[in-house]
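A.B. asks: The following block contains a protein sequence and its predicted model.
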Amino acid sequence: MSVSEMFRDFIGNLAIDNAATISDRYGEITSALNKEFRDTVSPTANTLQVGSFGRKTGINGISDLDMLYIMPNRLWDVYKDRKQYQLLSNTKRAIAARYPKTKIRVDRLVVTVTYTNFHVEVQPVFEQDDGSFKYPDTHAVSWKTTKPREEMEAVADLNEQKNGNLRRLCKMVRAWRNTHGMAMGGLLIDTLAYNFLSSTTEYDTRSYEYYDWLGHDFFKYLSELPEQSEYAAPGSQQRVKVKKQFQRKAKKAHQLCLEAIAAEGQKGVNDKWKRVYGRQFPANKVLEKTKIAVNAARNWRDTEEFIEDKFPVDIRFDVKIDCEVTQNGFRSYLLREMLTKRFPLLPNKSLRFYIDEISVPEPYEVKWKVLNRGDEAQRRDCIRGQICTDTGRRERTESTNFRGAHLVDCYIVKDDVVVAKDRIDVPITLKSS
């Protein structure tokens, strides 16, 4: 496959496969609110789809959806004087009349409607003369202002100027984020991609055949940005917070891009790009046929499962796992500390993997995956890789039975969506060198 073919297929694989269902839900919510506040049932009037879906930068698995419902101006006097919660409560009641069995709750700024695999955050707003919107904040005395139209227009305008490359880059970066467990909000991704393409004319007329270098250059740009706590959103210039610094993982992504570019024309180039962007990057079809033939003759079972086959993945929070390494008669160590100091991890050790840090609000489910790789794992027919539900202690105990490369993944599932993930590599050696 050529570079153009690979990346064209990749972008195609990122298309939202339930876009029609999402649009239907938007319409049903809008109709319920129009009935409540305007005595009409229009599914399209007085609403604005915002967020990644509205900016057309979201990808398959998107779960955090946003919409504004534009309130009648005549009701401003009813709610303006510290009645933000009442407005949200009335909004919830109207939606609940349409969805009596659906989980609906009032949050600080929005009404959250939770469906299977995604939720919609509905924000009732009052439109201002300049096109901005006042929205309620139950933690504040005064109303706040948002300017999503300016953000959407800025993204659309630059995307046109850059030959459609802005929205595609935003989608590629989301795939990278979900693959590597980066806690980056959608507006932050779009802002950084917008800033990058605004800083160069290199991709003004180029397309898929240069997307290997587009990713390379973007991650290099990202890795070299100074650490800061917020950025200005395109168009609106409103502040976009940084949940976690991204420079270190961007530097790693840049290095992986270099390795993939160096492998251009080789059979394994697709797999190298998968290390950057994940399973949604297309496989080499010829190589896959060869693998199928080889696998048919193997004497071990491929039991690995993939979280993407079980849940949508839409990383919005952060989780960090660590591992305590112990053996009778010896002091315990943390695995990350051992790897940093290049201490060998030998067989016959006990490993306790546990969640060290997590930003996901409860409730949520914890799931684990332990994967063994290499000749020894295949010889023993012990690849493993099944995804298992945590028993309630937020930890998993294993042992170093044999040498080879081993991986332990932790997934945090909330409302049937993977919202955070982390991985530890467990390299078990035969003996100390």
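C.D. replies: Arrived safely.

A.B. asks: which stretches of the chain have low pLDDT?
C.D. replies: Where the chain drops to pLDDT under 70, the residues are 286-297, 328-330, 430-433.

A.B. asks: Nearest to the spatial middle of it, which residue is it?
C.D. replies: Using C-alpha atoms, centre = their mean, the residue of the chain that lies closest to the mean C-alpha position is Ile315, 3.0 Å off.

A.B. asks: Which residues outside stretch 316-324 are in contact with it?
C.D. replies: Outside stretch 316-324, the residues that touch it by C-beta atoms under 8 Å, 6 or more residues apart in numbering are 64, 181, 183, 185, 243-244, 332-336, 351-360, 408, 410, 412, 419-424, 426. Every C-beta, even on glycine, is put in place using the N, C-alpha and C of the backbone.

A.B. asks: ok, and for the biggest helix by length in the chain, which residues are buried?
C.D. replies: Longest helix in the chain, counting residues (DSSP state H): helix 19-38. Residues 22, 25-26, 28-34, 36-37 are the ones in helix 19-38 that count as buried (16 or more other C-beta atoms under 10 Å).

A.B. asks: Also stretch 209-226?
C.D. replies: 210-212, 214-223, 225.

A.B. asks: okay but Asn159 is in contact with Leu169, surely?
C.D. replies: No - shown here, Asn159 and Leu169 do not form a contact pair, counting by C-beta atoms under 8 Å, at 9.4 Å.

A.B. asks: Looking at those two, which is more packed in?
C.D. replies: More crowded of Asn159 and Leu169, by other C-beta atoms under 10 Å: Leu169, with 27 against 22.

A.B. asks: could you measure that one against Tyr194, distance?
C.D. replies: 9 Å (C-beta to C-beta, to the nearest Å).

A.B. asks: Pull out the buried residues from stretch 251-262.
C.D. replies: 253-254, 256-257, 260-261.

A.B. asks: Closest one of these to Gly54?
C.D. replies: Within those, the smallest distance to Gly54 is 26.8 Å, found for Ala253 (C-beta to C-beta).

A.B. asks: quick one: contacts for the closest one?
C.D. replies: Counted by C-beta under 8 Å, 6+ apart, Ala253 has contacts 176, 180, 215, 219, 222-223, 276.

A.B. asks: Redo those as a markdown table? Include secondary structure and distance to Glu324.
C.D. replies: Converted to a markdown table, these look like this (DSSP: H, G, I helix; E, B strand; the rest coil; distance: C-beta to C-beta, whole Å):
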| residue | secondary structure | distance to Glu324 |
| --- | --- | --- |
| Trp176 | helix | 30 |
| His180 | helix | 24 |
| Gly215 | helix | 37 |
| Phe219 | helix | 33 |
| Leu222 | helix | 33 |
| Ser223 | helix | 31 |
| Val276 | helix | 31 |
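
A.B. asks: How about the residue nearest to the centre of the chain, nearest residue that isn't a chain neighbour?
C.D. replies: With C-beta to C-beta, 6 or more residues apart in numbering as the criterion, Ile315 has its nearest non-adjacent residue at 5.0 Å, and that residue is Asn178.

A.B. asks: Can you pull the phi/psi pair for the one you found?
C.D. replies: Dihedral angles of Asn178 (phi, psi; degrees, to the nearest 10) stand at phi -70, psi -30.

A.B. asks: That one: how many residues sit nearby?
C.D. replies: Counted with other C-beta under 10 Å, Asn178 comes out at 25.

A.B. asks: now do the one 4 residues further on
C.D. replies: The local packing count at Met182 equals 21, with neighbours defined by other C-beta under 10 Å.

A.B. asks: wait, is Gly54 part of a strand?
C.D. replies: No - counting by DSSP: H, G, I helix; E, B strand; the rest coil, Gly54 falls outside a strand, being helix.

A.B. asks: and the gap between it and Tyr69?
C.D. replies: The gap separating Gly54 from Tyr69 is 14 Å, by C-beta to C-beta.

A.B. asks: repeat for Ser359
C.D. replies: Distance from Ser359 to Tyr69, by C-beta to C-beta: 29 Å.

A.B. asks: Between these two, which has more neighbouring residues?
C.D. replies: Remark: of Ser359 and Tyr69, Tyr69 carries more neighbours, 22 against 15, as counted by other C-beta under 10 Å.
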